[in-house]
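*Asks:* next input, structure requested:
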Amino acid sequence: MGTAQGAAGGASEGLSQATDSVAATAREVGGTVSEAVQQAPSQVKRQTQGSPLGAGLVAFGAGMLAAALLPTTEAEERAGQKLREHSGELLEPVKETVRHAAQEVKEEMREPAAQAVESVKGTAQEAAETTKDHAQSAGQETAQGLRQVGQDAAEEVRRTPGGTSTPGGTSTPGGPGTPGAPGSATS
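*Replies:* Just a heads-up that it's a prediction; the model follows:
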């Protein structure tokens with residue numbers, strides 16, 4: 001039976017060591033958590049120093065967290081219910097005002113928009129008319145220039161000595177009887 005007592009003593013000793021180890025770990029974690037909680041305000045202060053916006057956000061977040069953790073009161077529930085019930089009545093005047101303002105803007109913008117459309121139409125018609133006039137003018141100038149070139153060329157051919165007339169009425173230089181042409185009497 002001595003072995004059973006030895007085993008029980010060993011188990012007891014192992015259990016005691018495990019208990020001591022768990023207790024030491026719990027004290028260590030508790031000390032760390034306690035230290036972190038104690039240092040949190042100073043750490044937040046250091047991080048937000050010189051940044052009022054950051055401090056405000058931290059305070060807002062802490063307030064939201066506290067509000068979320070606390071249960072709603074009966075008074076808050078009643079106020080929320082009343083607000084939900086009367087929200088349509090409260091929002092209707094605002095909706096009507098917005099509709100009225102939108103209608104006024106629409107009416108006020110109708111005339112300027114119509115004038116803008118007419119202005120664009122008029123400008124487009126003027127541009128088309130101007131383009132047409134320029135194209136006609138350029139075509140007439142080109143035709144006149146070509147006519148003049150043709151007349152000048154015909155006159156030049158007529159003035160050329162020894163030019164002959166072809167059946168189409170045009171003259172060709174160097175025809176029969178032209179001095180220096182093959183088959184002429186002077187060759």
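
*Asks:* could you pull out the strands for the protein?
*Replies:* All strands of the chain, identified by DSSP state E, fall at 164-165, 171-172.

*Asks:* what's the least confident stretch among those strands?
*Replies:* Mean pLDDT is lowest for strand 171-172 out of the strands of the chain, coming in at a mean of 50.

*Asks:* by residue count, which helix of this structure is the longest?
*Replies:* Determined from DSSP state H, the single longest helix within the chain is helix 74-159.

*Asks:* I'd like to know which elements it is packed against.
*Replies:* strand 171-172 (3 or more Cβ pairs under 8 Å, 6 or more residues apart in numbering; DSSP states H and E). The way it works is simple: take the backbone N, C-alpha and C, and place the C-beta from them, glycine included.

*Asks:* what about the longest helix of the chain, distance to the chain center?
*Replies:* 23 Å (Cα atoms, centre = their mean, to the nearest Å).

*Asks:* can you check stretch 39-46 too?
*Replies:* Remark: stretch 39-46 is offset 43 Å from the chain centroid, using Cα atoms, centre = their mean.

*Asks:* ok, and what's touching that stretch?
*Replies:* Stretch 39-46 has contacts (Cβ atoms under 8 Å, 6 or more residues apart in numbering) with residue 58.

*Asks:* put the alpha carbons of it into PDB.
*Replies:* Output of stretch 39-46 as PDB, limited to C-alpha atoms (Å, rounded to 0.1, in the frame of the first residue of the first chain):
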ATOM      1  CA  GLN A  39      -1.800  53.700 -17.500                       C
ATOM      2  CA  ALA A  40      -4.700  54.100 -20.000                       C
ATOM      3  CA  PRO A  41      -5.600  57.700 -19.100                       C
ATOM      4  CA  SER A  42      -2.000  58.900 -19.200                       C
ATOM      5  CA  GLN A  43      -1.400  57.000 -22.500                       C
ATOM      6  CA  VAL A  44      -4.500  58.500 -24.100                       C
ATOM      7  CA  LYS A  45      -3.400  62.000 -22.800                       C
ATOM      8  CA  ARG A  46       0.100  61.500 -24.400                       C
END
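
*Asks:* pLDDT of that stretch, averaged?
*Replies:* Stretch 39-46 comes out at a mean pLDDT of 72.

*Asks:* and for stretch 66-85?
*Replies:* Stretch 66-85 carries an average pLDDT of 85.

*Asks:* may I see the buried residues of it?
*Replies:* Across stretch 66-85, burial judged by 16 or more other Cβ atoms under 10 Å covers no residue at all.

*Asks:* CA atoms of that stretch as CSV?
*Replies:* Output of stretch 66-85 as CSV, limited to C-alpha atoms (Å, rounded to 0.1, in the frame of the first residue of the first chain):
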residue,chain,number,x,y,z
ALA,A,66,-20.7,53.8,-22.4
ALA,A,67,-24.1,54.5,-24.0
ALA,A,68,-24.1,51.1,-25.8
LEU,A,69,-23.3,49.3,-22.6
LEU,A,70,-26.0,50.9,-20.5
PRO,A,71,-29.5,49.7,-20.9
THR,A,72,-32.1,52.2,-22.2
THR,A,73,-34.4,53.7,-19.7
GLU,A,74,-38.2,53.7,-19.8
ALA,A,75,-38.2,57.5,-20.5
GLU,A,76,-35.8,57.0,-23.5
GLU,A,77,-38.1,54.2,-24.8
ARG,A,78,-41.1,56.5,-24.6
ALA,A,79,-39.3,59.4,-26.2
GLY,A,80,-38.1,57.1,-29.1
GLN,A,81,-41.6,55.8,-29.6
LYS,A,82,-43.2,59.3,-29.7
LEU,A,83,-40.5,60.3,-32.2
ARG,A,84,-41.3,57.4,-34.4
GLU,A,85,-45.0,58.0,-34.2
